[in-house]
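Student: kindly generate the corresponding structure for this input.
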Amino acid sequence: MRMRNEKAIGIFIVVAGVIILLGKLGVFGFIGRHFWPLLILLPGIALHALYYARLSPSWSLVPAGILTVYGVLFGITNTWGAGLMTSLWPVLLLGVAVGLLEFGLAERRRPQYVLPGGMIIGAVAVILLGFTLLQTGIIYVLAVLLILGGVWLLLGRGRRGTGW
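Tutor: As a prediction, this is how the structure comes out:
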């Protein structure tokens, strides 16, 4: 019994030393700085999984949708810079809309104002997101896509036949 206790204490001391060493080398700071959006994304995915496994009620899809969208948003802004939030802030509204829409579609009794409310909030979020993205460099991407689409219609579609 005494030998077992000494081994357990030895393992504990080695693990504590490794944790302290990794902390001093900045490993935990790196993980905390780069992977914190997973603390938001993973509970959202877990709530979805619990609902689809029939272990949680349909109302749990509201926070599931919100947390999932927010986790993705914060992951994007954490990866490519917090300055993106000046353009992507309407996604915060979109997260609420996604949660409400998921709940409204999953609930059997169809709550009266949930689906229309989710659609209105989602439409407002998409319109605002469009306005904010058009003020950024994405307008150039849109212009190039329009040009390519027009060229494709002029050159490619006309040879195959008449009409659409």
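Student: show me the contact partners of stretch 91-98.
Tutor: Residues outside stretch 91-98 that contact it (Cβ atoms under 8 Å, 6 or more residues apart in numbering) are 65-70, 73, 118-119, 121-122, 124-126, 128-129. (C-beta placed from N, C-alpha, C; glycine too.)
Student: tell me the gap between the helix or strand hosting Ile9 and the middle of its chain.
Tutor: Per DSSP states H and E: Ile9 is located in helix 2-24. Chain-centre distance of helix 2-24: 38 Å, with Cα atoms, centre = their mean, to the nearest Å.
Student: excluding its backbone neighbours, what's nearest Val72?
Tutor: Leu41 (6.5 Å; Cβ to Cβ, 6 or more residues apart in numbering).
Student: quick check, that neighbour in contact with Gly75.
Tutor: Yes: Leu41 lies in contact with Gly75 (Cβ atoms under 8 Å); the separation is 6.6 Å.
Student: between these two, which is the more surrounded one?
Tutor: Leu41 (20 against 17; other Cβ atoms under 10 Å).
Student: and that one, helix, strand or coil?
Tutor: helix (DSSP: H, G, I helix; E, B strand; the rest coil).
Student: before we move on, what about Arg54?
Tutor: What three-state DSSP gives for Arg54 is coil.
Student: any idea how far Leu38 is from it?
Tutor: Between Arg54 and Leu38 the distance is 25 Å, computed by Cβ to Cβ, to the nearest Å.
Student: which of those two has more neighbours?
Tutor: Each of Arg54 and Leu38 has its neighbours counted (other Cβ under 10 Å); Leu38 has more, 15 against 7.
Student: the residue nearest to the more buried one when sequence neighbours are not counted: what's it in contact with?
Tutor: Leaving out its chain neighbours, the residue that sits closest to Leu38 by Cβ to Cβ, 6+ apart is Gly71, at 7.0 Å. For Gly71, the contact set (Cβ under 8 Å, 6+ apart) comprises 37-38, 40-42, 44.
Student: any idea which element the residue nearest the centre of the chain lies in?
Tutor: Centroid check for the chain by Cα atoms, centre = their mean gives Val72 as the closest residue, at 2.1 Å. Assessed by DSSP H and E, Val72 sits inside helix 61-80.
Student: the nearest residue to Val124 once chain neighbours are set aside: what secondary structure?
Tutor: Closest residue in space to Val124, ignoring its immediate chain neighbours: Leu93 at 6.4 Å, by Cβ to Cβ, 6+ apart. With three-state DSSP as the basis, Leu93 sits in helix.
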